[in-house]
Structures are given as structure tokens and as C-alpha cells.
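Participant: Make a model of this:
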Amino acid sequence: MRWMLILLLLTALPGAYGQDISGEQSSADDEQATLDRFRHGLTRTVNATARWIDSFFTDEVDPAAYNTATGSLRITPEWSEYDGFKIDSSFRAKVVFPHAERKFSAFIGRGDFDDIITETQQSRPSVIHRGNTNEEWMVGLGFDPHIENKQHRVSFGAGFRGGLKLDPYLQARYRYEAILSSQSEFATQSVAFWRDSDGFGISQTLEIETALSDVWYSKSWVKGTFAERSDGLRWQASQKMYYLYHIDRAIGGEIWWYGETAHDVPLQDYGLRVLHRNRFLREWLFLESWIGLHWPREKLSEQREPRWLVGIELELLFGS
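Facilitator: Numbering: from 1, shown residues only. Sure thing, here's the model as predicted:
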């Protein structure tokens, strides 16, 4: 999947610039049409899979009812003086089963386990990389009881992680959202989980989003995760500030920190970066680029020094 996403990125980027060159318009249109077909095919495949699974539980299947797929693809090439060049990627797809009163769903994903079960892969800064975790495939089923109060959301899930390793897990999630003022929103999320490889654990996330004006936007984010067989508390935090200079484009700055309380070096990295985010070719395609400095230290024998980092991220949203 990673190399498929790399090819998507390499074919999409030239099209953005080819539109301004005489004689290149048809080529750019073909490349953008390829993006549309890719996204449509991905959505159709996920919906068809849900229809096939649901057919085991009902004799009547209405194809029109299976248009509930949502998800995202992300690819993030990055270079750092400390880690060198690496490519991170993530995938998440979710479908809702109509014959279960839309309370049951299924998903498949690839990425970091903590991000997927807490659904924080969108809010976690792209530059946060923990050396003791790996990207892995996960499949599972979810149950959402549809609590009437929109401020409160409760959901449950179970599945397997680690591909053929079949490492099972269970989870329960509670999310609360509140409007603090006409410009500010607050959200907190608690996730209790069990997984065969780590035992019982809990994760807590806090988010505050504030519109400082029509063009200035702030977001504060912090997450802590503790597991029975982990070494202390894994924690991450960031503070972002965006300036919206166009309806589809923004520049911003970010400060971030992360570490583990029982690690030899509790504060493993912190840094700052300047970033630019914009819609790219389509309303459902986003491109983010950044340059910054960070101060990593993973071993006591290391000296903490400033290191440059540069990266881009392409995010494709699909589904309804």
C-alpha cells in the first residue's frame, strides 16, 4: 500500500503545475481524472465488502443502502537530520451495516495502534514518531448505541492487530464535546482497552480549539496512554496556530513535545515547525508541507542538539 501511495503522490504533484503550461492541460486533466477514479474505486470496494459481510445476516440486500464507507489515506515522506529519510503511511476505512439499525460497523486500518483505537491519527502531529511502535494492519467490529445527547458518544470495539499475528484487542470509548464560548470548543476522550500483547490500558485525550478571529485559529492537544505491560505513561502534546489567508489555504506554526515517564530519557523529543496546508486539486485532497527544528534524545549517552526536519503529507479523504 505504501508504494501505491507513493505512486499516487508522484503522479498527482506534476499535474498541479502542468495546468499553467500551454499544451499540458489535457495531461493534467487525465491525471486528475485518475485521482477521481482511484477514490471512487476505493469507496466502491469498501462498500461492496460491507454488502458482502451483511449478506450473511439477511436474505434481502439493497445495494443502494450500502453507501456508508468513510476513511482516509495518508502518506508522509519526511527527512530529519536525526532519523534520516523515512515514509510513514496510514489507512483507515469504516462502514456501517444498515441491517443492524446502523449501530454496528466494521473497519480496517493500517497505522499505529494507539492512534487507531483512539481515532487521533488526524489530530496527532505528523512529526511525532515513537521509536518503539510500528505500523500494522488492524481489522475489527464496532458498536455505537446512538446516545441521544450529541455531546456524549459511547462506542465499543473488538478486533485483531498485527496482521497474521492475530493479536486480539477489546476497547470502550467515551467522548464528550462542549462549546465553551462562541469562539471556543472543548473535547475530552477516554478509551479503556485490552490487547493480548500489552494487557489492560487506558488512554486520555484533551483538545481545545479556538477561533481567535476570522483568520486566526488555535488548537491545543494532549494525549496520555498507559498499558499494563508498558514502561510508564506515553504522552504527547502540541500547540498549533494557523493563519487562514485564503478559504482553502493556511500557514501556521506548531510546538510539540512527547516522551515516556519510565524511559531512560523521559522527554524524548520536542521541537517547532512552520507549516503550510491547502486543498490540492480536489476538495477531498489535502497537502501539508513543513520545515522545522527539533531536539531529540533517546539515550542517556546522547547530547541533545538542534536537528533540521523537512516533510510533506498528502491526505486523501473518501466516502460519504
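Participant: Assign Ile116 to helix, strand or coil.
Facilitator: helix (DSSP: H, G, I helix; E, B strand; the rest coil).
Participant: May I have the predicted confidence score for it?
Facilitator: If you check Ile116, the pLDDT there is 74.
Participant: Contacts only, for it.
Facilitator: Listed by C-beta atoms under 8 Å, 6 or more residues apart in numbering, the contact set of Ile116 reads 92, 109, 138. The C-beta positions use only the backbone N, C-alpha and C, and glycine is treated the same way.
Participant: Direction included, what does the host helix or strand of Glu315 pair against?
Facilitator: Using DSSP states H and E, Glu315 falls within strand 307-319. According to DSSP bridges, strand 307-319 has the following sheet partners: strand 70-80 (antiparallel), strand 282-294 (antiparallel).
Participant: downstream neighbour of the first one in the secondary structure list?
Facilitator: Scanning the chain past strand 70-80 towards its C-terminal end, the next helix or strand to appear is strand 84-96 (assignment: DSSP H and E).
Participant: got the buried residues for that following strand?
Facilitator: For strand 84-96, burial by neighbour count (16 or more other C-beta atoms under 10 Å) applies to 88-96.
Participant: Check which helix or strand Arg51 maps to.
Facilitator: Assigned by DSSP H and E, Arg51 belongs to helix 25-54.
Participant: Quick one: mean pLDDT over that helix.
Facilitator: For helix 25-54, mean pLDDT rounds to 74.
Participant: got it, and stretch 299-318?
Facilitator: In the prediction, stretch 299-318 has an average pLDDT of 92.
Participant: now that stretch, how far from the centre of its chain.
Facilitator: With C-alpha atoms, centre = their mean, to the nearest Å as the basis, stretch 299-318 stands 16 Å off its chain's centre.
Participant: what do you get for stretch 190-200?
Facilitator: Computed by C-alpha atoms, centre = their mean, the chain-centroid distance of stretch 190-200 equals 20 Å.
Participant: what does stretch 256-266 give?
Facilitator: Distance, centroid of stretch 256-266 to centroid of chain: 22 Å (C-alpha atoms, centre = their mean).
Participant: now the strands for this structure?
Facilitator: Using DSSP state E, the strands found in the chain span residues 70-80, 84-96, 104-111, 136-143, 152-161, 167-179, 184-195, 199-211, 216-227, 233-246, 249-260, 267-280, 282-294, 307-319.
Participant: could you dump the ones you listed to a markdown table with distance to Ala48?
Facilitator: Output for these, formatted as a markdown table (distance: least, C-beta to C-beta, whole Å):
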| stretch | distance to Ala48 |
| --- | --- |
| strand 70-80 | 14 |
| strand 84-96 | 10 |
| strand 104-111 | 13 |
| strand 136-143 | 16 |
| strand 152-161 | 20 |
| strand 167-179 | 26 |
| strand 184-195 | 30 |
| strand 199-211 | 33 |
| strand 216-227 | 35 |
| strand 233-246 | 37 |
| strand 249-260 | 36 |
| strand 267-280 | 28 |
| strand 282-294 | 20 |
| strand 307-319 | 13 |
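Participant: Thought Lys299 was touching Asp264, still the case?
Facilitator: Yes. Asp264 is within contact range of Lys299, at 6.7 Å (criterion: C-beta atoms under 8 Å).
Participant: Can you name the residues bridging to Gly157?
Facilitator: Gly142, Gln171.
Participant: got a list of what it touches?
Facilitator: Going by C-beta under 8 Å, 6+ apart, Gly157 touches 117, 140-143, 170-173.
Participant: Over to Leu141?
Facilitator: 104-106, 157-159.
Participant: These, buried ones only, as a ChimeraX selection?
Facilitator: Command for ChimeraX, covering only those of the contacts of Leu141 found buried under the criterion 16+ other C-beta under 10 Å:
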select :104,105,106,157,159
